[in-house]
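Participant: Show me how the following folds:
(3 chains)
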Amino acid sequence: MSSNDKTTDTLSTQDARMGQGADDRFNSPLREAFGSTPFILTKFDKFMNWVRGSSMFMLQFGIACCSIEMIHTYAIKHDLDRFGAGVPRSSPRQADVMIVPGTIVSKFAPRMKRVYDQMPEPKFVVGMGSCTISGGPFQEGYNVIKGAEEVIPVDIHVPGCPPRPEALIYGVAKLQERVANGESAPVTVKPYEMEQFGDLEQDEIVQKLADQIDEDDLVMRYNWTDSP
Amino acid sequence: MTGPLQATTLPETLSGLLGLNTNDPLQWFLAALIASALVGTLMLTNTALVIWAKRKITAAFTDRIAINRVGPFGLLIIVADAVRLLSKELIVPDEVDRPAYDLAPLVLASSALLGFAVIPMGNGIQIADPETGLAYVFAVASLASLGLVMAGYASNNKYSFLGSLRAVAQNLAYEIPLVLTGVSVVIFAGTLRLSEIVAAQSETLFTLGGLAIPSWYAFVNPFAFVLFMAANLAEVGRNPFDIPEAPNEIVAGYMTEYSSVYFVLLYLGEFIHVFLGAAIVTTLFLGGPAGPVLPGIVWFLIKIWAVFLFTQWTRSAVPRVRIDQLIEIGWKGMLVLSIANLVLTAVIVGVLV
Amino acid sequence: MSLEEPRDAKPEIGVTDDGLDYDALAALLGDTLLDREDHVTTEGFVVRPDDVQDALRTLKQEAGFDHCSCVTAQEYQDRYESIYHLKKYDDPTHELSVVVPTSRDDPVSQSANDVYRTADWHEREAYDLVGIEYEDHPDMRRILLPETWQGHPLGRDYDQTQPQVVTLREHANPLQEDHMADDTDTMFINVGPHHPATHGVLHLKTVLDGEQVADVEPDIGYLHRCEEQLCQQCTYRHQIMPYPDRWDYTANLINEWSYARAAETLADIDVPEYAQVLRTMSAELSRMAGHFLALGTFALDVYGEFTAIFQYAFRDREIAQDILEDLTGQRMMHNYFRLGGVVWDLPNPREEFFEKTRDFLDDLPAKLDEYHDMITSNEIFQVRCVNTGVLEPDVAKEYGATGPVARGSGIDYDLRRDDPYGYYPELDWDVVTEDGCDNYARVLVRMQEVEESAKIVEQCLDLLEDWPEDERTLQSNVPRTIKPEPDTEIYSAIENAKGELGIYIRSDGTDKPARFKIRSPSFSNLQALPEMSNGEYVADLIATLGSLDIILGEVDR
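Facilitator: Alright, predicted model coming up:
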């Protein structure tokens, strides 16, 4: 990952995000061993895709305004559980889908990345609201990450500020459809990746912080100018 | 080998059906194995149904519909959920205490399953019927706390650790009232053998307008029944006593770090445990598998599902108490009450019988 | 500390029948007063950076300014300035600003932390965003931005494009040695920033002694969305108004009023009476929605996840949102107010709207009874909530607590009545207070406030129904661009669902504010959390946090 990071300067952001290894999240060692895709595995894959698309545990995860509409989506009138996606788990270890409901700021991005990393594969992300697309109304803020995709790959974007519960349901249903069809998010490389502090290039900022931060600490470095 | 009241156990029936020799230890073992597999499958099927039922019941309490897209009434969610959870990545965090971390889910799930070995489920479905049946059930049911401690301590997570400590404190505080209340039933029935306890409840207590009310201990001693239900809620960790899990305080308690297969085992174990609690309640207080018209096993299932429904009801409607209040209720309230109940029962039984 | 000193029985200095006598207050300060400035609703007393404590203490103890509402910091071309906005809990119309200029080369000023406990966080924020340092401050660290942040973003020479490095230190390894104190058997635990109980992204650094909380320190800034900077980049007329909706995102509409009130007073804009009624009604509907959410999430904390109470609360909130959607066109981010009025009249046909809203109000008593049955009269709930998270009135005042939190501690303080605006003075309603000071009292206050809001909405509906058709003026005449006089300063506040939401605006003659500062009630209320939960159990810490009903969008802005 970090080797890809270094090349972001020369690649366009989109190319950098696409990277290599896109779409290989479902490829099992078993299939690699076979080399091709035998019939039985295709059927099995189909079944597994159906399974993953029919039932999802959501991560109980609230960030900002959108989380209020997200709760409404779970609650009485909209009832996301009809789609088999209404069980919020508070521990990321047991969740399949992370709905990112709100603005991500610099202080929170590393934490969100950590939570995402704690989820077991296969995992999916629904970006809820404009803030997870581009930073939304707060895009010009000094502290705001310009979209969730800067930090973690997002499968479905639901636009709106905030999206109505119906829109979120549509987004989740769309995600289920995509998963059931065996499609996954092409995004595997992110501009902001957590790195060990000691590995960062020694520029002015890193030197300034050198005695404050332990070499082994994980850090996220924001190059605001590279953001879209 | 068999008492006068005792029905034949399932392995014996099976031996008869399959023509196995009960005196040959190997063949006897085979029969017992098949019987256990049958009962285990029955209970696991029950628990699998919970995946669907729990969501539907909660939805009914909260004016929602819940799953209705996957299969008829959303029933296929059971397949989907189970396979999906099993197929997820198994994350074993760094620095977990390896054997304990792996064993804990097994201990939790199997300890609860073990309890069903001696529960009479009607229609001769009972794997074994030892004289100390009740003591055995309580013993294996409390093995679960061991599993919880292992899970919490081995996870290398402070929330899990807190959760498991809570679980131990809670189980200590509630095991004693639970057993003492159970003992009051033993005093009535005069035996620890579960089949005999069930048999003792089949007599008619009184007749109400032509309807014979059986002498279920829930009717004979409602006070003990209420006590037992409350203590049982704490024992299986449901609201208002779900503090070892308390998702809003300590995330998911001992479960926090578990994913995939291990999580399935913990989840199953938790619900098998609820069902074991329900089965104990059914056997001790609700006349076991007895009931009119329908076969015994159906009545047994209806009764344990009724108790399960009760746990879901409290889960939806009752606030969670705090850990210190829980301990206080346990040691200062329930224990005193259960001892009073025991003494009272002893006096009544001593005077009347 | 001043807490123990008895309050003066004699009339406070500077109080006259028709407001404050600033000359008398100036005389009270004597030599410490350098200069006097004119602000729109009050006066600014300029004091030297090393006289801050003396001046504030004198004002607090002798003139009765017991409420430090806000601390605004800003950077001018030639100097830094911190402004302490003082008020009185007894009468919030008695306002005074204490202005402390510091030089650009050495921006050090005395901390007011000793006089007002609430100044602690406000000064940390000033340091974080503007770069003024405060002497004698117990804990001069960044509060909103990460510790490793470079530069002060609201300062004049901040370069927004420079790279930043943010660590993940707190969560590196929860069992790391340095998290355990050597001599005690306490345990350090991170609650949040991703935790089901924090209702957003709050981080509580908690030290536990067994199950009891030995120490808790809220760590905020995980939702710092630069609202002040963004408002400073927008024009007064239309561009700022959408942002207030996103501060307190549970009761959105009321926040718009804070900006509307500040800007209208600043630019001297009148609001037609009909628009005032509409504003009042919509704001109260919004307050109800906010309180339903507070009730629901509090139930989430005490009952467990996704229980019946939680769902019922959201059912009712949904209806309030529907009505607001009919009125404004959006479920949450209404953007309904305009400077000088509101954007639309009631939806057509009006009768339908009246009927729908009245249905909601008619059903409300039965629903509230249901809540009382299920929540407040539940014995386990009472055991959990009575006498937990106690916030004594004196402490609440020290921390600048307002809103239901203050009223739950028996402080009779509500800006709708005490510093009237909108149509509130013409309507018949009561300010709810409870003397319990605990979690239970705060829940009760919110539930009764829903009833009061319903009363207000009811009266507004009557008024709107009978309003003559040719007098339905929605907006007054407002110039296309608003350019207030240079260097006009205003601090004004309204009562939103969480408490006193204040806005400070300084104009520089352009069509954009030179400094836009938000005083959010949740920010001050959250500051009292350690005071309320130290020594309590973990479960009560969570419940207390829930009963404070903080909204992180408003805390971090």
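Participant: how many neighbours does the residue in the stretch 151-300 of chain C that chain A sits nearest to have?
Facilitator: Closest approach of the stretch 151-300 of chain C to chain A (CB to the nearest CB) occurs at residue C:226, with a separation of 3.0 Å. For the C-beta atoms, the positions are set from N, CA and C on the backbone; glycine is no exception. Each residue near residue C:226 was counted by other CB atoms under 10 Å in any protein chain shown, and the total is 26.
Participant: That one touches residue A:145, doesn't it?
Facilitator: No - applying CB atoms under 8 Å as the test, residue C:226 and residue A:145 come out as separate, 11.7 Å apart.
Participant: which bits of chain B sit near chain C?
Facilitator: With CB under 8 Å from any CB of the partner chain as the criterion, chain B comes near chain C at residues B:58, B:61-64, B:95, B:156-159, B:162, B:166, B:239-240, B:242-243, B:246-251, B:315-325.
Participant: residues in contact with the helix or strand encompassing residue C:229?
Facilitator: Using DSSP states H and E, residue C:229 falls within helix C:227-232. Defining contact as CB atoms under 8 Å, 6 or more residues apart in numbering or on different chains, one finds that helix C:227-232 is touched by A:137-138, A:140-142, C:129, C:153-154, C:240, C:243, C:246-247, C:512-518, C:557.
Participant: Give me the subset of those lying in strands.
Facilitator: C:513, C:514, C:515, C:516, C:517, C:518 (DSSP state E).
Participant: Show me the two of the residues you listed that sit farthest apart.
Facilitator: C:514 and C:518 (15.0 Å; CB to CB).
Participant: okay, these two: which has more neighbours?
Facilitator: Between residue C:514 and residue C:518, counted using other CB under 10 Å, the more crowded position is residue C:518 (22 against 17).
Participant: Which parts of the stretch 151-300 of chain C are helices?
Facilitator: C:227-232, C:252-267, C:273-303 (DSSP state H, counting those that start in this stretch).
Participant: Figure out how far the last one is from the centre of its chain.
Facilitator: What it means is helix C:273-303. Offset of helix C:273-303 from its chain centre (CA atoms, centre = their mean, to the nearest Å): 15 Å.
Participant: Show the secondary-structure elements that it is packed against.
Facilitator: Helix C:273-303 is packed against helix C:252-267, helix C:308-328, strand C:341-342, helix C:379-385, helix C:439-466, helix C:538-548, with contacts defined by 3 or more CB pairs under 8 Å, 6 or more residues apart in numbering or on different chains; DSSP states H and E.
Participant: Please list the residues outside the third one that contact it.
Facilitator: Spelled out, that is strand C:341-342. If you take CB under 8 Å, 6+ apart as the criterion, strand C:341-342 is touched by C:271, C:272, C:275, C:278, C:279, C:282, C:336, C:473, C:474, C:475, C:476.
Participant: Please work out the average pLDDT along it.
Facilitator: In this model, strand C:341-342 has an average pLDDT of 89.
Participant: go on, the fourth one?
Facilitator: Model confidence over helix C:379-385, given as mean pLDDT, is 87.
Participant: What about contact with chain B: does that helix have any residue there?
Facilitator: Yes - Helix C:379-385 comes into contact with chain B (CB under 8 Å from any CB), by way of C:380, C:381, C:383, C:384.
Participant: Which ChimeraX command selects the buried ones in the residues you listed?
Facilitator: Typed into ChimeraX, the line below selects the buried ones among those, using 16 or more other CB atoms under 10 Å in any protein chain shown:
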select /C:380,381,383,384
